[in-house]
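# Model the structure of this input:
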Amino acid sequence: MNQKSNHSIYSTIHKELESTTNLFFPKFIFSIISVLFLGSLSLLVIHFNGFKDYYFENIFRINGFSFLIWTTVTFFSSIVSKYAINYLQGFKYQNRFMILCLVFTLSVMMLVIANHIVVLLLSWLLMGLLMSQLIGIDKDWKAAKAALRYTRKYFITGFCFLTIGVLNLAFYSNEYYLEEIVALIPTFPKYILIISAVSIILAAVVQSAMYPFHKWLLSAMTAPTPASALMHAGFVNGAGILLTLFAPLFFKSNLLTTLFIIGGFTAVIAQFTKLIQVNVKQKLACSTIAQMGFMIMQCGLGFFNAAVAHLILHGFYKAYLFMSSGEEVQKSNPKDLKQLKIKPLQAILVLLFGLMGALLFVTWTGKGLALNSGLFLTLVVAITVGQITYNIVKEKSFSVFQKMVFPAILFILGIGLYSITYVGVTHLLEDMPMVDVPTRISWPQIIFGLLFLIGFFIMKLGVYKKLPWLYVKLLNLSQPYRKTI
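Predicted coordinates for the structure are as follows:
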């Protein structure tokens with residue numbers, strides 16, 4: 001009995017030592033990323049109110065925007081890598097995942113400081129290749145290998161579009177530094193501007209999974225949850241970074257309305273497809289596509305600073321949802337849902353709080369005070385606050401007092417957080433050209449804005465449920481690549 005007992009003790013000690021050894025490398029990578037985050041955050045705080053641009057052989061340029069994105073991406077990476085230490089414990093490719101996570105983080109950091117176009121293009125390509133490797137990290141799973149190859153095709157396609165757009169500007173101007181190219185944009189002929197703008201827009205919409213390039217994101221569910229969190233919180237947001245770097249190009253080429261329409265159309269369709277999903281991760285994928293559509297809408301309205309603020313807040317929100325997605329998995333039986341109809345008094349409350357939220361948004365951010373594109377953002381805020389209020393007032397478990405108080409608390413906190421982020425981002429981007437230039441309201445914007453509203457109410461009122469052809473169309477549209485299932 002003593003020998004068996006000693007053997008059991010030795011076996012337990014051996015397993016604990018083996019577990020500690022196996023976790024040493026993941027913890028080491030996490031420590032590196034954490035140091036990068038703390039360093040970026042410290043530099044951001046130190047230079048927040050008096051930043052001076054730094055250049056390294058003119059190949060790299062570090063400014064307030066650089067520190068902002070560095071802090072954001074290293075924060076997400078540190079959270080994801082910490083989560084992965086335990087989540088992927090025992091997984092054959094855990095160390096490989098941690099290395100890819102670190103190198104991906106470094107590639108994003110390099111992208112935002114790249115001043116030479118070769119570094120910019122290589123960073124963009126590296127981000128895509130690394131993300132495809134994270135998606136197909138499980139080399140023993142056939143579906144994962146198919147997802148790797150499928151998504152890699154999209155990312156290489158996006159890289160080709162970006163290369164065409166950037167090299168077109170560089171060869172015409174004979175300049176190969178991003179800052180100089182952007183400064184010369186007003187002097188380029190119209191056809192050069194349009195070719196480059198269209199190419200760069202295509203690169204952005206591919207990475208952000210805009211329609212019709214959305215299937216790569218729906219097919220990336222083979223990725224482990226930490227990789228999905230990093231992808232949805234960081235990678236797809238790269239389009240906002242890219243569009244911000246080339247903001248003057250879209251003004252001079254008169255393609256802002258194109259961005260607005262692409263983003264708005266995607267946001268509406270993705271919200272519809274989200275409603276018919278039964279898989280948690282597919283729901284989150286559709287949600288991400290919709291949020292990226294809204295981000296590109298903001299770029300199309302001339303608010304690139306608002307798009308950057310949006311991508312940061314979306315990153316926090318989506319990383320949390322993915323890492324807590326397991327809590328949403330539960331066994332349930334099909335049942336008929338009761339149709340909840342909003343009462344007239346509740347409708348008045350929804351309208352009242354929506355208007356109050358819009359007024360608070362205008363007061364705190366200054367957007368929506370004039371007859372320009374800022375009105376669209378104010379309208380979206382009013383709709384969002386109204387939707388939150390609707391979800392609260394129809395909840396039977398809440399008292400009348402709670403239904404009156406909860407919406408006000410939520411929209412004050414939400415709009416307050418957004419306002420702080422927006423003002424801070426705007427301050428850090430003040431040395432970047434044309435990132436906060438509201439545009440005059442155009443007829444295409446008005447028409448598409450009305451279509452956006454109609455689509456939103458069709459969705460909220462459940463009208464699509466009475467149209468079988470629409471349901472089938474949306475279901476087919478939201479299917480992943482067959483070999484990745």
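
# Might you list the low-confidence residue ranges for the stretch 251-400 of the chain?
Low-confidence segments of the stretch 251-400 of the chain (pLDDT under 70): 325-343, 346.

# 80 instead?
Applying pLDDT under 80 to the stretch 251-400 of the chain flags the ranges 275-281, 319-350, 365-372, 380, 383-384, 386-388, 390-391, 393-398, 400.

# so where do the helices sit in it?
Using DSSP state H, counting those that start in this stretch, the helices found in the stretch 251-400 of the chain span residues 256-275, 280-300, 304-323, 344-365, 374-393, 400-428.

# Redo those as CSV? Include distance to Ala203 and mean neighbour count.
C-betas here are computed from N, CA, C, even on glycine. Compiled in CSV, the helices of the stretch 251-400 of the chain are given as follows (distance: least, C-beta to C-beta, whole Å; neighbours: other C-beta atoms under 10 Å):
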stretch, distance to Ala203, mean neighbour count
helix 256-275, 13, 22
helix 280-300, 12, 24
helix 304-323, 16, 23
helix 344-365, 29, 17
helix 374-393, 25, 20
helix 400-428, 23, 16
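
# Identify whichever of these lies nearest to Ser123.
Counting by C-beta to C-beta, Ser123 lies closest to helix 304-323 out of the helices of the stretch 251-400 of the chain; the figure is 17.1 Å.

# Just checking the distance from that closest one to the centre of its chain.
Once both centres are worked out by C-alpha atoms, centre = their mean, to the nearest Å, helix 304-323 turns out to sit 5 Å from its chain's centre.

# what's the angle between that helix and helix 344-365?
Following axes from the mean of the first three to the mean of the last three C-alpha atoms, to 10 degrees, one obtains 120 degrees for the angle between helix 304-323 and helix 344-365.

# which ones are touching Thr157?
The contact partners of Thr157, taken as C-beta atoms under 8 Å, 6 or more residues apart in numbering, are Val206.

# Tell me which of the helices of the stretch 251-400 of the chain sits nearest to Leu111.
Short answer: helix 304-323, nearest of the helices of the stretch 251-400 of the chain by C-beta to C-beta, at 13.6 Å.

# related to what we said a few turns ago, right, and the helices of the stretch 251-400 of the chain - which one's nearest Ile156?
With C-beta to C-beta as the criterion, Ile156 lies closest to helix 280-300 of the helices of the stretch 251-400 of the chain, at 19.8 Å.

# Could you list every helix and strand in contact with that closest one?
helix 215-218, helix 238-245, helix 256-275, helix 304-323, helix 374-393 (3 or more C-beta pairs under 8 Å, 6 or more residues apart in numbering; DSSP states H and E).

# these two touch, right, Leu242 and Phe161?
No - between Leu242 and Phe161 there is no contact under C-beta atoms under 8 Å: 10.6 Å.

# before we move on, the earlier item: any chance of the helices and strands packed on helix 280-300 in CSV with distance to Met356 as columns?
What follows is these, written out as CSV (distance: least, C-beta to C-beta, whole Å):
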stretch, distance to Met356
helix 215-218, 36
helix 238-245, 29
helix 256-275, 24
helix 304-323, 21
helix 374-393, 7
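
# so which of these gets nearest Ile135?
Of all the helices and strands packed on helix 280-300, helix 215-218 sits nearest to Ile135, with 8.9 Å by C-beta to C-beta.

# Tell me the spacing between Val280 and Ile117.
Distance of Val280 to Ile117, computed by C-beta to C-beta, to the nearest Å: 40 Å.

# one step back: among the helices of the stretch 251-400 of the chain, which comes closest to Phe60?
Distance to Phe60, taken as C-beta to C-beta, is lowest for helix 400-428 among the helices of the stretch 251-400 of the chain, at 17.7 Å.

# just checking, next helix/strand downstream of that closest one?
Using DSSP states H and E, the helix or strand that follows helix 400-428 in sequence is helix 443-460.

# Now tell me what touches that following helix from outside.
Contacting residues not belonging to helix 443-460 are listed as 257, 260-261, 264-265, 267-268, 271-272, 275, 301, 373, 376, 379, 383, 387, 390, 464 [C-beta under 8 Å, 6+ apart].

# Swap in 7 Å and give it another go.
Thr257, Phe260, Ile261, Gly264, Val268, Gln271, Phe272, Leu275, Ser373, Phe376, Ile383, Tyr464 (C-beta atoms under 7 Å, 6 or more residues apart in numbering).

# what do you get for stretch 242-257?
The contact list for stretch 242-257 (C-beta under 7 Å, 6+ apart) reads 178, 182, 185-186, 193-194, 196-197, 200-201, 203-204, 259, 299-300, 302, 304, 307-308, 433-435, 437, 439, 442, 444-445.

# what residues go with each domain of this structure?
Per automatic domain parsing, the structural domains of the chain span 8-324, 344-482.

# Comparing the ones you listed by mean pLDDT, which bottoms out?
With a mean of 79, domain 344-482 has the lowest mean pLDDT of the domains of the chain.

# Quote the end-to-end distance of that one.
Terminal residues of domain 344-482 are spaced 47 Å apart (C-alpha to C-alpha, to the nearest Å).

# Let me see the contact set for the residue nearest the centre of the chain.
In the chain, the residue lying closest to the centroid (C-alpha atoms, centre = their mean) is Asn237, at 3.9 Å. By C-beta under 7 Å, 6+ apart, the contact list for Asn237 reads Leu311, His314, Gly315.

# out of these, who's nearest Leu134?
Among those, and counting by C-beta to C-beta, the member closest to Leu134 is Gly315, at 16.1 Å.

# excluding its backbone neighbours, what's nearest that closest one?
Nearest non-adjacent residue to Gly315, counting by C-beta to C-beta, 6 or more residues apart in numbering: Ala233, 4.0 Å away.

# wait, is that neighbour part of a helix?
Yes - per DSSP: H, G, I helix; E, B strand; the rest coil, Ala233 lies within a helix segment.

# pretty sure it contacts Lys318?
Yes - counting by C-beta atoms under 7 Å, Lys318 is a contact partner of Ala233 at 5.1 Å.

# Could you tell me which residues make contact with Leu259?
Leu259 sits next to Ile201, Phe250, Ile296, Cys299, Gly300 when contact means C-beta under 7 Å, 6+ apart.
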